[in-house]
Structures are given as C-alpha cells and as structure tokens.
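*Asks:* Sequence and predicted model, in that order:
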Amino acid sequence: MSGPCVTDVTSPPPKRRWRPSLTWLGLLPFAVFILLFLVMPTMKIVLGAFQRADGSFTFENIAGLFTPSILSSYWISIKISVASSAFGCLIGFLMAAAMVLGGLPRGIRSPLMTFSGVASNFAGVPLAFAFLATLGPLGLVTVFLRTEFGINLRVMGFNILSFWGLTITYLFFQIPLMILIITPALDGLKREWREAASCLGASGAQYWRIVALPILFPTILGTFALLFANAFGAVATAIALTGSSLNIVPIMLFAQIRGDVLGNPHLGYAMAFGMILVTGLANVVYIVLRIRSERWLK
Amino acid sequence: MTRAASWAVLLLGLTYFILPLVGMVEFSLSMRRGEYSFDAYAAVLADPQFRETFSYSVVMALLTIVFGILLVVPTAFWVRLKLPRLRPLVEFVTLLPLVIPAIVTVFGYIRLYNTSSWLPLTGTIFGTNLLLMFGYAMLSLPYMYRAVDTGLRTIDVATLTEAAQSLGAGWVTIITRLILPNVLVAVLSGSFVTFAIVMGEFTMAALLNRPAFGPYLQLMGANKAYEPFALATIAFIITWACMGLIQLVTRFTKHDKAGR
C-alpha cells in the first residue's frame, strides 16, 4: 500500500516524466490482459493467504501450513524436485558434452536438439502413461527383467507410484530442458582456453576442474533452479501417475481446490502462496545466475 | 571425453528416452491377446467422448492461437517501435507464467471470477470457456511473445513503418499487411507451440470443469486398460508433429533467405 507514497517522495528524473499520450494506449490491451488474468488472480491468492474468511488480516493460514501432513507434502515435493533436477542437470550435461565435445558426427546434433524440444514439451498425462507402460507392474521393462533375468523390481522395492518412480518420470522432461539450455553454453567454451590450459601443462581433468566448470557453474546452477521450479509446479504428470497416493504439494492443492479437503478454504490460499514462494525464489536464483554467466559466455 | 565414452553416454541416454515410448506404443497395440492390433485405437476412435473432447480442445487451441496473435503481434510491434525502453519489462512480464504454476493461476481465476464476483465468468458455460481460453493464452504467452519478438528483430520495424506511413497506410494496414507477413514464420512457430500446449493441458481444464482432451485422458487412465496408451500415443504424435512443423517452417525460410 506504500507504493504510491514512495514514488511521490522521490521526484522522477526529468527525462522520464510521465506523458499520458496515445503511445501508452498501444499497450493497454496487453496490460489489461495481464492485469485481469495474471496479476489479479495471483494477488487474490497472496492476499487470501493472509486473510480470515471475513477479510481481516491474519497469519493463521500461514501458521496452519506447519502441520505434519502439509509440511511433509512440501518436503516430498522438494525432495522430488531436487532429485529430478540434480539428475536432470547431471545427465543432461553429460549428454550435451558428449554431443558437443565428444567428437561425434555433427549430424547427430540437429535431431537430438529437435528431440529435446519435443521431449521437454511432452509432459503431463501422456508422459505418465508412457512410464506406466514401461516401469509399471505390467510394464515393458518390468516384465522383461522378470522373465529374462528373474529380477523382480517390485520385490526390490521399486514402485512407479513412489518417490523414485516420479523422479525417473520427471527426468523425461528435465534432461531435455538441460540439454537445450547447456548446449549453447558448451558452444561458448572457447577452444583457446583449452589450448592455453594444455600449453601450461594442465591435464584434461585439471582443465575441467579449474577452467571450464567454474565458467559453466552459474549456468548449471541456474538451470538447476529452473528445473527445480519446473518439477515443483508439475501437476498433471503426478496426478495421472499416482492418483492421490503420493502426497505432494500440487496434488494436495488440486484436491483442495476441487473439494476443500483441508476443511479451510484459506489454508488453500496459503498452500498456493507457498508454491509461488518456492518457484519464485528458484526463478530469482536462475535469473541472477543467468546474468552472471552471460559475462563469460558471449 | 573420449569418443567411445561419448557414444556410451549418448546411447544410454537415448535408451532412457526411447524405452518409455516403445513401452507406450507396445501397450497400445496389445489389446488383443497374443498379437498386435489396432483394437485400442479403434475403441478410442469409436468413443463419442473422445471425438467431443478432442474437437473441443482443437477448437480451443485455434481460438487461443487467434487471440494470442491478436494480442501479441501488435504489442510486440508497438513496444519495438515506440516504447523500446519498456522492452525488458514487457519481456519479463511475459515470462511470469513460467514462474507462477498454472494450478495457482487457475485457483485465482476460480476465486476471482466466481458467480458472486464482479465479473461472474464461471457462471455460464460460455464465460468459463472464455476464461479457459484466456488461461491457455497466458500459458502460451512466454512462447508466443518470444517467437514474435525474435521475428521482429530480423526486420527493420521503424523504417518499414515510416515507408508504409509515407505511402498513406494506417496502423491496421501496417500490422496486417506489413508486419504480420514479415513475422509469419515466427507467428507460426508460436502457434504450433500453443497448439501442443493446449492439446495436452490438464490442470486448468480439469479445475474449470471443461470437457477438454487432457482431463479425458486422465479419466480414461483411471478406468481403462489399453485405451489410455493409444490416447497417449496420439498425444505424442500431435506434440511431435507440432515441433516438426516448427522445424520445417524455420528451415524453409532459412533456405529461402540463403537463396536470395
């Protein structure tokens, strides 16, 4: 509420004086659309998280998040997001490095990038079905391992409707996203750096540890944050895969919106607010690191 | 990294990506016991609910694309021409839908536009459809805006506009007959991404209770044995086709420009 006051106090620099003219009218449709269908709905959630049913201000809803069941749902969500983005970064990095620096034929690159574009968009319900058909109780790989090698995944404790099952499924869109983002960064590693390092007597491992990885590090970490937010907000895959057997935040929120399972509508606002907070934070990390990494990789 | 290790990494990775697709297709073909058949596809295609939800989503996707073009092309053009100072801000705003999860936005829609609010969109079927279309447009905004803005970068917007104006063209003529044809490839790319997004979208349609393809897919998954995998295969082919078409149009224009 203190926004307007602050801008009034600091007098605007003369160049940027507000001139209400036809120029600004051109942005009106876009501004109205953003306001009505992005800003106001989000504000409604954020404000609702701090309100009682009668509209008075409160921290009760936020405090209400700190119950064992909701906390554990956040914890599982965060664990799945961290695991799937960590493996996504690692595997995506290795695949991109193999493609860019591994001396493979150039012809591989374009199909792999196209496929990454498709796979990173192939999320949601169909992806869940694909993995059910592969690693589910009657899935292709499950049956193959059991009949050919006598390995029973079930007995070994693997279940597609679990933490690891969801993580492996999420990797299907996490790895390609990493490949899409890290490939330009790997292209930006200059050949001269490697030559200079080897002239100074560095081994391949030393070059990676002392030169290449520090340069790539902000990109990798930033992508990690992006993948984290990506996994944290994924709803459809989780619901189609697990139904409601795994209590992660998006599933709980989905059930809450459908039927107020928490018994307090404003607790739903608080949960949604928590989601915005987590994904927002992850994206801030991404943007900050992205700006840092662009210093080197231009 | 040695060549052999590179091949190993790449092949292992590809195995991970190909196996689920093989599993999905294999399952969709094995409805008849003991042999492969297209029975599951036949069952799906014969289901009137499939036709309804599928065509609903196609129509919604097309409407979203039209709305997206009408919103994004003039805005991106205007920002480049008249308000270049605001470009970083507008670009940032268009990326926000990637930050705020769809489930949160739609939750806000339901609370903000319910029957007792100032704009009771969810009170009527038409209103809910409209709301869903705006939601879809929001989801695809990052991709659409980026595509169009990149397209605009390759042409000299200011000079073209001045030339058109000195020939007596109005704003509508400039946008429809000058800008749009010049960024057509970009607009098409954005449209294909939008199409793929809308066809597979689940959360918004499910929570707004509209009979779209995504919720139907989920419903079938909970109730049928083989049909879901046929549906998933169809969904994958749609995504694949959209991305393939993007590659095709961009490559087509690259050749076009090289030939000149």
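*Replies:* Right, received. Where do you want to start?

*Asks:* State the distance from the residue nearest the centre of chain B to residue B:144.
*Replies:* Taking CA atoms, centre = their mean, the centroid of chain B lies closest to residue B:194, which sits 1.7 Å from it. If you measure residue B:194 against residue B:144 using CB to CB, to the nearest Å, the figure is 6 Å. The C-beta positions use only the backbone N, C-alpha and C, and glycine is treated the same way.

*Asks:* list residues touching both of those two?
*Replies:* residue B:68 (CB atoms under 8 Å, 6 or more residues apart in numbering or on different chains).

*Asks:* related to what we said a few turns ago, OK, contacts around the residue nearest to the centre of chain B?
*Replies:* Residues near residue B:194 by CB under 8 Å, 6+ apart: B:61, B:64, B:65, B:68, B:136, B:140, B:143, B:144.

*Asks:* same question, residue A:134
*Replies:* Here residue A:134 is in contact with A:140, A:141, A:142, B:19, B:20, B:22, B:23, B:24 (criterion: CB under 8 Å, 6+ apart).

*Asks:* Could you dump the residues you listed into JSON lines with secondary structure and distance to residue A:95 added?
*Replies:* Below are those laid out as JSON lines (DSSP: H, G, I helix; E, B strand; the rest coil; distance: CB to CB, whole Å):
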{"residue": "A:140", "secondary structure": "helix", "distance to residue A:95": "22"}
{"residue": "A:141", "secondary structure": "helix", "distance to residue A:95": "20"}
{"residue": "A:142", "secondary structure": "helix", "distance to residue A:95": "25"}
{"residue": "B:19", "secondary structure": "helix", "distance to residue A:95": "15"}
{"residue": "B:20", "secondary structure": "helix", "distance to residue A:95": "16"}
{"residue": "B:22", "secondary structure": "helix", "distance to residue A:95": "19"}
{"residue": "B:23", "secondary structure": "helix", "distance to residue A:95": "21"}
{"residue": "B:24", "secondary structure": "helix", "distance to residue A:95": "22"}
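
*Asks:* Dump those residues to a markdown table, plus neighbour count, distance to residue A:117 and pLDDT.
*Replies:* Output for the contacts of residue A:134, formatted as a markdown table (neighbours: other CB atoms under 10 Å in any protein chain shown; distance: CB to CB, whole Å; pLDDT from 0 to 100):
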| residue | neighbour count | distance to residue A:117 | pLDDT |
| --- | --- | --- | --- |
| A:140 | 19 | 25 | 83 |
| A:141 | 18 | 25 | 83 |
| A:142 | 21 | 29 | 81 |
| B:19 | 19 | 20 | 91 |
| B:20 | 27 | 17 | 90 |
| B:22 | 15 | 20 | 91 |
| B:23 | 25 | 22 | 90 |
| B:24 | 27 | 19 | 90 |
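
*Asks:* quick one, strands of the stretch 1-150 of chain B?
*Replies:* In the stretch 1-150 of chain B, no strands are found when defined by DSSP state E, counting those that start in this stretch.

*Asks:* In terms of helices and strands, where is residue A:80?
*Replies:* Assigned by DSSP states H and E, residue A:80 falls within helix A:68-101.

*Asks:* got the buried residues for that helix?
*Replies:* A:70, A:73-74, A:76-78, A:80-85, A:87-89, A:91-100 (16 or more other CB atoms under 10 Å in any protein chain shown).

*Asks:* Once you drop chain neighbours, what's closest to residue A:227?
*Replies:* Using CB to CB, 6 or more residues apart in numbering or on different chains and skipping the chain neighbours, the partner closest in space to residue A:227 is residue A:85 (3.5 Å).

*Asks:* Provide a list of residues in contact with the one you found.
*Replies:* Shown in contact with residue A:85 (CB under 8 Å, 6+ apart): A:174, A:224, A:225, A:227, A:228, A:230, A:231.

*Asks:* what's the answer for residue A:230, then?
*Replies:* Counting by CB under 8 Å, 6+ apart, residue A:230 touches A:85, A:173, A:174, A:177.

*Asks:* swap in residue B:41?
*Replies:* Counting by CB under 8 Å, 6+ apart, residue B:41 makes contact with B:28, B:230, B:234.

*Asks:* What's the per-residue pLDDT of it here?
*Replies:* What the model reports for residue B:41 is a pLDDT of 90.

*Asks:* and the stretch 151-260 of chain B, which residues reach chain A?
*Replies:* Contact residues (CB under 8 Å from any CB of the partner chain) of the stretch 151-260 of chain B with chain A: B:193, B:196-197, B:200-203, B:206-207, B:214, B:217-218, B:221-222, B:228-229, B:231-232, B:235-236, B:239-240, B:243-244, B:246-247.

*Asks:* Not counting its neighbours along the chain, what's nearest the closest residue to chain A within the stretch 101-250 of chain B?
*Replies:* Closest contact between the stretch 101-250 of chain B and chain A, by CB to the nearest CB, is at residue B:108 (2.5 Å). Counting by CB to CB, 6+ apart, the nearest residue to residue B:108 once its immediate chain neighbours are dropped is residue A:41, at 2.5 Å.

*Asks:* Count the neighbours of that neighbour for me.
*Replies:* When neighbours are defined as other CB atoms under 10 Å in any protein chain shown, residue A:41 has 24 of them.

*Asks:* thinking it is in contact with residue B:105, fair?
*Replies:* Yes: counting by CB atoms under 8 Å, residue A:41 does reach residue B:105; the two are 5.5 Å apart.

*Asks:* so where does the residue nearest the centre of chain A fall, helix or strand?
*Replies:* What sits nearest the mean C-alpha location of chain A, by CA atoms, centre = their mean, is residue A:230, with 2.2 Å. Secondary structure from DSSP H and E places residue A:230 in helix A:213-232.

*Asks:* Could you list the buried residues of that helix?
*Replies:* By neighbour count on 16+ other CB under 10 Å, the buried set for helix A:213-232 is A:215-216, A:218-232.

*Asks:* give the contact list for residue B:44.
*Replies:* Residue B:44 makes contact with B:50, B:227, B:230, B:231, B:234, according to CB under 8 Å, 6+ apart.

*Asks:* hmm, 10 Å instead?
*Replies:* Applying CB atoms under 10 Å, 6 or more residues apart in numbering or on different chains to residue B:44 gives the contacts B:28, B:38, B:50-51, B:54, B:220, B:224, B:226-231, B:233-234.

*Asks:* still on that earlier bit, turn the contacts of residue A:85 into CSV, including pLDDT.
*Replies:* Putting the contacts of residue A:85 into CSV (pLDDT from 0 to 100) gives the following:
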residue, pLDDT
A:174, 92
A:224, 90
A:225, 88
A:227, 91
A:228, 91
A:230, 87
A:231, 90
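
*Asks:* which residues of the stretch 51-200 of chain B fall in helices?
*Replies:* For the stretch 51-200 of chain B, helices defined by DSSP state H, counting those that start in this stretch occupy the ranges B:87-99, B:102-112, B:125-153, B:157-166, B:171-173, B:180-182, B:184-200.

*Asks:* in the longest one, what's buried?
*Replies:* Going by neighbour count (16+ other CB under 10 Å), the buried part of helix B:125-153 is B:128-149, B:151-152.

*Asks:* Helix or strand with the lowest mean pLDDT in chain A?
*Replies:* One helix or strand of chain A scores below all others by mean pLDDT, DSSP states H and E: helix A:3-9, with a mean of 42.

*Asks:* Which SSE is immediately downstream of it?
*Replies:* According to DSSP H and E, the helix or strand after helix A:3-9 is helix A:22-25.
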